[in-house]
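> Sequence and computational prediction follow.
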Amino acid sequence: MPPGPSVLPPGARERGSGALDLSRGAAASVWKGATTAEDLKVSSTGPAAGTDGGAGAVSVRRSVTVLVLVALAALIPLLGPSLALRDTGEAAAPGAAGIALLRTVLFTAVGVSAGEVFVTRLARRVPGAPHGDVPRAWAPAAAAAGFVAALGLASVVATGNLVPRSPSDMDVGGLYQSRDGMLALLEVNAFAALGLCALSRRPARQVWPLAAIAVAEALRAHPTTEYGPLTGSALTLVHLVCAALWTGGLLYVLRTLLRWRHSAPGAGAALLGLYARVAAVLLALITATGVCSTLRRMPSGTVLEQLTTTAYGRVLLAKVLLVAAVALLALWARRRLHRAPDPLTAYAPARAEVVVLGLVTGVSAVLTAVPVPIRW
């Protein structure tokens with residue numbers, strides 16, 4: 001992702017008792033690498049005016065919006081595999097839609113937890129930031145959801161990569177006797193440890209179970225029968241880690257900006273400046289590893305043809321288009337930040353960027369459920 005937009009919601013600007021004055025020059029300084037609150041000419045004269053009833057209505061609307069978006073996002077893994085496989089002549093794996101849905105939950109859980117750890121570390125580098133006033137952690141809930149998803153995926157492995165109809169179909173003991181089974185158990189245990197770390201007094205320790213999950217996913221995606229499996233696993237590991245930091249980091253940064261919009265708007269903008277510089281590096285690594293992984297599975301001479309004739313190629317093409325849309329939204333937000341009379345209007349494309357990144361997560365999960373176009 002190009003340097004993400006540094007914005008606050010339009011509701012933060014109130015006339016009368018609580019005016020937030022963010023000049024265009026201050027907004028531009030964020031994109032030039034400003035990392036301290038003193039570098040930003042931001043003044044806040046008091047909290048924004050509002051009523052409890054209005055705040056409650058906004059909260060209800062946000063909750064309903066989130067539920068609708070989650071329901072729509074669930075349609076991608078549920079319908080994606082069948083749509084991608086249509087008229088390709090390829091056979092669908094048993095339970096492909098369910099597996100894609102479980103991997104969507106798993107990837108989302110990793111992104112949410114990784115983003116919180118990542119942005120919390122960045123916030124420590126911002127002088128004057130109210131470190132005791134941070135958004136409520138979603139990591140415990142994310143770890144619980146990831147644990148359930150990992151259990152579901154482990155049950156599929158225990159049934160011989162088939163959908164279990166009853167507990168008697170699963171050979172739990174057999175998980176210890178196969179490579180896929182061991183990796184599935186590793187992910188289940190890692191999510192359990194992730195939840196305990198998230199609830200502990202040192203949530204930064206989540207980095208260790210998150211690393212274990214990322215390694216397990218990278219190894220699972222590249223079986224030993226594949227040519228150069230370690231190379232493929234290394235590429236997937238970097239791709240997955242960068243994508244989790246990119247998506248989860250932007251989500252938590254925007255949540256932090258909303259939290260600090262009245263108490264420390266300058267610190268919030270400085271935090272966005274730090275994230276934006278790292279995000280540019282993450283995008284470069286995601287692009288490089290994605291291109292290399294694509295060429296390993298689809299030789300350069302057949303890429304264009306397979307993008308439309310194979311399920312893997314179709315899903316990959318959809319993912320590329322969504323990532324391009326994310327980049328355009330980021331550029332649009334940056335343009336607003338620099339040239340709009342009110343830089344705070346950049347919040348709208350930034351919020352849309354997070355939504356599209358959620359769609360990218362679902363499409364990425366579908367990519368793991370469709371057959372690979374090349375037989376090794």
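Yep, that arrived. Residues are numbered from 1 along each chain as shown.
> so what's residue 105 up against?
Residue 105 is in contact with 145, 146, 148, 149, counting by CB atoms under 8 Å, 6 or more residues apart in numbering. All C-beta spots, glycine's among them, are computed from the backbone N, C-alpha and C.
> element containing the last one?
With the criterion set as DSSP states H and E, the secondary-structure element containing residue 149 is helix 139-158.
> which residues are in contact with that helix?
Helix 139-158 is contacted from outside by 95, 98-99, 102-103, 105-106, 108-110, 112-113, 116-117, 162-164, 170-172, 174-175, 178, 180-181, 184-185, 187-188, 190-192, 194-195, 198-199, 203, 206, 213, using CB under 8 Å, 6+ apart.
> List only those of those flagged as buried.
The neighbour count (16 or more other CB atoms under 10 Å) marks 95, 98-99, 102-103, 105-106, 108-110, 112-113, 116-117, 170, 175, 180-181, 184-185, 187-188, 190-192, 194-195, 198, 203, 206, 213 as buried among those.
> hey, where'd the helices end up in the stretch 251-376 of the chain?
Under the criterion DSSP state H, counting those that start in this stretch, helices of the stretch 251-376 of the chain are mapped to 265-297, 303-309, 311-339, 347-369.
> buried stuff in stretch 90-100?
For stretch 90-100, burial by neighbour count (16+ other CB under 10 Å) applies to 90, 92, 93, 95, 96, 97, 98, 99, 100.
> for stretch 141-160, same thing?
Within stretch 141-160, the residues that count as buried by 16+ other CB under 10 Å are 142-150, 152-159.
> pLDDT below threshold where in the protein?
The model of the chain has pLDDT under 70 over residues 1-59, 62-63, 66, 336-347, 374-376.
> please redo it, this time with the cut-off set to 80
1-73, 92, 261, 265-270, 272-273, 276-277, 330-351, 373-376 (pLDDT under 80).
> residue closest to the middle of it?
Per CA atoms, centre = their mean, the C-alpha nearest to the average position across the chain is that of residue 247, at 3.1 Å.
> looking at it, that one is touching residue 359, isn't it?
No: using CB atoms under 8 Å, residue 247 is not in contact with residue 359; the gap is 10.8 Å.
> can you confirm residue 128 is in a strand?
No: with DSSP: H, G, I helix; E, B strand; the rest coil as the criterion, residue 128 is coil rather than part of a strand.
> Number of residues surrounding it?
12 (other CB atoms under 10 Å).
> Quick check: phi and psi at it.
In terms of degrees, to the nearest 10, the main-chain angles of residue 128 are phi 80, psi 0.
> Test my guess that it contacts residue 268.
No: counting by CB under 8 Å, residue 268 is not a contact partner of residue 128; they are 10.7 Å apart.
> Quick check: the gap between residue 319 and residue 135.
With distances taken as CB to CB, to the nearest Å, residue 319 is found 29 Å from residue 135.
> Residue 109: helix or strand, and which one exactly?
helix 96-123.
> That helix to helix 139-158, inter-axis angle?
150 degrees (axes from the mean of the first three to the mean of the last three CA atoms, to 10 degrees).
> Quick one: distance of helix 96-123 to the chain centre.
6 Å (CA atoms, centre = their mean, to the nearest Å).
> ok, now stretch 106-125?
9 Å.
> contacts for stretch 288-303?
Defining contact as CB under 8 Å, 6+ apart, one finds that stretch 288-303 is touched by 228, 231-232, 235-236, 238-239, 242, 306, 312-313, 316, 372-374.
> how about a cut-off of 7 Å?
By CB atoms under 7 Å, 6 or more residues apart in numbering, the residues outside stretch 288-303 that reach it are 232, 235, 236, 238, 239, 306, 313, 316, 372, 373, 374.
> export those residues to CSV and tack on distance to residue 282 and neighbour count?
Putting the contacts of stretch 288-303 into CSV (distance: CB to CB, whole Å; neighbours: other CB atoms under 10 Å) gives the following:
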residue, distance to residue 282, neighbour count
232, 20, 20
235, 15, 22
236, 15, 21
238, 10, 19
239, 10, 22
306, 27, 21
313, 25, 23
316, 20, 26
372, 26, 16
373, 27, 19
374, 28, 15
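> Need the CA coordinates for stretch 125-143. PDB is fine.
Coordinates of each C-alpha in stretch 125-143 appear next as PDB, following Å, rounded to 0.1, in the frame of the first residue of the first chain:
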ATOM      1  CA  ARG A 125       8.000   6.400  19.100                       C
ATOM      2  CA  VAL A 126       5.500   9.300  19.100                       C
ATOM      3  CA  PRO A 127       6.300  11.900  21.800                       C
ATOM      4  CA  GLY A 128       3.300  13.100  23.700                       C
ATOM      5  CA  ALA A 129       1.100  10.300  22.700                       C
ATOM      6  CA  PRO A 130      -1.500   9.300  25.300                       C
ATOM      7  CA  HIS A 131      -0.300   5.700  25.600                       C
ATOM      8  CA  GLY A 132      -2.800   5.000  28.400                       C
ATOM      9  CA  ASP A 133      -5.700   6.000  26.100                       C
ATOM     10  CA  VAL A 134      -5.800   3.400  23.400                       C
ATOM     11  CA  PRO A 135      -8.700   1.600  21.600                       C
ATOM     12  CA  ARG A 136     -10.000  -1.500  23.100                       C
ATOM     13  CA  ALA A 137      -8.000  -4.500  22.000                       C
ATOM     14  CA  TRP A 138      -9.700  -6.900  19.500                       C
ATOM     15  CA  ALA A 139      -6.900  -9.400  19.700                       C
ATOM     16  CA  PRO A 140      -8.600 -11.700  22.300                       C
ATOM     17  CA  ALA A 141     -11.700 -12.000  20.200                       C
ATOM     18  CA  ALA A 142      -9.600 -12.400  17.100                       C
ATOM     19  CA  ALA A 143      -7.600 -15.200  18.700                       C
END
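> List the buried residues in that stretch.
For stretch 125-143, burial by neighbour count (16+ other CB under 10 Å) applies to 126, 129, 134, 135, 137, 138, 139, 140, 142, 143.
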